[in-house]
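Q: pasting the sequence and the predicted coordinates here, then a few questions.
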Amino acid sequence: MSRHKLSRKVQTVLGTIDAGDMGITLTHEHLLCDTSYRFVEPKIDSQKELANARIKIENLDWIKRNQNSCLDNLSLLNEESAISELHHYKKKGGGTVVDVGNIGLSRNPEGLARISRATGINIIMGAGYYVGTSHPPELASKTEDQITDEIVRDITIGVGDTGIKAGILGEIGCSYPLKDTEVKVLGAVARAQKITGISVNIHPGQSQTSPIEIIEFLSDNGGDINRTVMSHVGNRHGNDIDLTLELAENGCYIEYDRFGQSQNPIKLPNKLMYGLSDWERIGCIKHLIDRGFLDQILISHDVFNKTDLRQYGGFGYDHILTTVILLMRMQCITDEQIHTILEKNPGRMLQFT
């Protein structure tokens with residue numbers, strides 16, 4: 001489909017739809033993914049057997065405190081499990097999920113299509129590459145032109161021979177500082193965005209300055225900042241609302257996408273920062289609304305471990321609808337503003353230009 005025909009449409013794994021048909025939308029999730037590249041071997045001998053253990057009630061507490069040290073926890077590959085989890089989201093009124101898994105996260109177009117058919121949930125699939133530590137070895141020898149062509153093909157023709165097309169560029173993984181392959185990918189992303197009119201979702205590096213530096217890089221390379229989503233803002237800026245306001249003033253979408261996640265410490269250069277609670281995230285959102293940035297706010301959960309799922313004691317994909325909305329109302333965020341954040345903003349962001 002040409003860019004002209006895609007204009008104002010949203011591209012799902014089952015075809016294009018109108019933005020008005022999306023309904024409530026989670027803009028940053030993972031339904032099927034594998035993050036085993038993050039695995040860290042337990043250092044205590046008595047715990048090493050837990051690395052290959054299946055998650056069960058007896059070891060759940062340890063795994064939640066050592067999420068990257070259990071291979072089973074790092075694997076979301078069961079389609080039936082994803083279908084079951086999504087039914088809770090649909091029952092609460094959910095309509096669309098953006099799966100931002102791409103190359104490096106075991107993207108599965110056909111699996112996502114089967115899940116979409118089974119649940120009736122619109123699923124939008126990501127394109128591009130995740131962080132450098134997950135990059136395939138062959139990426140190092142590819143040119144920026146080759147990466148651009150590959151990304152554009154995933155959007156306009158489909159991934160491989162599946163015919164299933166991506167509907168967002170992301171989540172594009174960035175380290176801090178950027179790795180050489182990540183710089184090439186970011187350059188290709190800016191070019192692919194100009195060619196296709198697609199939106200971009202960025203996973204910033206572990207630094208408070210990484211988000212603004214990436215925005216500046218994309219802008220310098222011709223990217224459309226008004227159609228760029230900065231993920232994990234709460235996990236990079238914390239409660240430093242001045243940093244977030246500076247980012248918002250550049251015109252990008254501000255995504256608070258860790259709702260329901262635990263407050264484990266986050267290691268930043270020369271700093272150990274605690275993740276925000278849901279209440280604190282909402283406080284930041286209220287501040288952005290009061291400063292005039294309502295139309296740039298997106299929210300999600302970023303489910304990517306088994307322990308995030310309901311069946312393993314997590315909050316699942318429906319936590320925002322069952323709990324967070326109530327907390328938003330308690331902080332004087334109106335139903336109209338909630339509607340804008342959950343429906344209008346995602347629809348505008350995901351439309352091709």
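A: On my side now, so go ahead.
Q: check contacts around residue 34.
A: 74-77, 105-106 (CB atoms under 8 Å, 6 or more residues apart in numbering). In this view, the C-beta of every residue, glycine as well, is placed from N, C-alpha and C.
Q: quick check on residue 120: phi, psi?
A: Dihedral angles of residue 120 (phi, psi; degrees, to the nearest 10) stand at phi 80, psi 10.
Q: count the neighbours of it for me.
A: 10 (other CB atoms under 10 Å).
Q: count the neighbours of the nearest residue to it once chain neighbours are set aside for me.
A: In space, and not counting its chain neighbours, residue 120 is closest to residue 90: 6.6 Å by CB to CB, 6 or more residues apart in numbering. By other CB under 10 Å, 17 other residues sit near residue 90.
Q: quick check: residue 47 is in a helix.
A: Yes. Using DSSP: H, G, I helix; E, B strand; the rest coil, the assignment for residue 47 is a helix.
Q: that one touches residue 62, doesn't it?
A: Yes. Counting by CB atoms under 8 Å, residue 47 touches residue 62, with 7.2 Å between them.
Q: can you select the buried ones from the contacts of residue 34 in ChimeraX?
A: Of the contacts of residue 34, the buried ones go into a single ChimeraX selection, burial set by 16 or more other CB atoms under 10 Å:
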select :74,75,76,105,106
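Q: can you report how many residues lie near the closest residue to residue 321 other than its chain neighbours?
A: Closest residue to residue 321 apart from its sequence neighbours, by CB to CB, 6+ apart: residue 92 at 4.0 Å. Other residues lying near residue 92 total 16 when counted by other CB under 10 Å.
Q: check the one 10 residues further on too.
A: When neighbours are defined as other CB under 10 Å, residue 102 has 27 of them.
Q: quick check: closest non-adjacent residue to it.
A: Leaving out its chain neighbours, residue 102 is closest to residue 126 (CB to CB, 6+ apart), at 4.3 Å.
Q: can you classify the one you found by secondary structure?
A: From three-state DSSP, the assignment for residue 126 is strand.
Q: hmm, it is touching residue 164, no?
A: No. Using CB under 8 Å, residue 126 makes no contact with residue 164, being 11.9 Å away.
Q: between the two, who's got more neighbours?
A: residue 126 (26 against 23).
Q: which residues does the more buried one contact?
A: 98-102, 107, 166, 168-171, 201.
Q: closest to residue 31 among those?
A: Of all the contacts of residue 126, residue 31 sits closest to residue 99, with 4.9 Å by CB to CB.
Q: which residues sit in contact with the closest one?
A: Residue 99 touches 29-33, 112, 123-126, counting by CB under 8 Å, 6+ apart.
Q: would you turn those into TSV with distance to residue 222 and pLDDT?
A: Shown next, in TSV, are the contacts of residue 99 (distance: CB to CB, whole Å; pLDDT from 0 to 100):
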residue	distance to residue 222	pLDDT
29	29	99
30	29	99
31	32	99
32	32	99
33	30	98
112	30	99
123	29	99
124	24	99
125	24	99
126	21	99
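Q: with these in mind, which one is nearest to residue 242?
A: residue 29 (29.0 Å).
Q: okay, now that closest one: neighbour count?
A: Neighbour tally, residue 29, other CB under 10 Å: 24.
Q: that one reaches residue 94, doesn't it?
A: No. Using CB under 8 Å, residue 29 makes no contact with residue 94, being 10.5 Å away.
Q: report the set of residues contacting both of the two.
A: residue 317.
Q: tell me where the stretch 201-350 of the chain has helices.
A: For the stretch 201-350 of the chain, the helices defined by DSSP state H, counting those that start in this stretch cover 210-220, 233-237, 241-249, 278-290, 319, 325-330, 335-339, 345-350.
Q: of these, which shows the lowest average pLDDT?
A: Mean pLDDT per stretch puts helix 233-237 lowest among the helices of the stretch 201-350 of the chain, at a mean of 91.
Q: give me the contact list for it.
A: Counting by CB under 8 Å, 6+ apart, 204, 206-208, 210-211, 243-244, 247, 254-256, 258, 266, 268, 275-276, 280-281, 284 sit against helix 233-237.
Q: quick check on the residues you listed: which are buried?
A: 204, 206-208, 210-211, 243-244, 247, 254-256, 258, 266, 268, 275-276, 280-281, 284.
Q: rewinding a little: taking the contacts of residue 99 one by one, which sit in strands?
A: 29, 33, 123-126 (DSSP state E).
Q: for these, which one is nearest residue 337?
A: Out of these, the member with the shortest distance to residue 337 (by CB to CB) is residue 29, at 21.9 Å.
Q: mind checking pLDDT for residue 270?
A: What the model reports as pLDDT for residue 270 is 64.
Q: same question, residue 8
A: pLDDT, read off for residue 8, is 89.
Q: okay, the helices of the stretch 201-350 of the chain, which one's buried deepest?
A: Sort the helices of the stretch 201-350 of the chain by mean neighbour count, taking mean count of other CB atoms under 10 Å, and helix 233-237 sits at the top with a mean of 25.
Q: please name every helix or strand in contact with the lengthiest helix in the chain.
A: Ordering each helix of the chain by length in residues (DSSP state H) puts helix 180-196 first. In this structure, helix 180-196 packs against helix 3-6, helix 144-156, strand 168-173, helix 210-220, with contacts taken as 3 or more CB pairs under 8 Å, 6 or more residues apart in numbering; DSSP states H and E.
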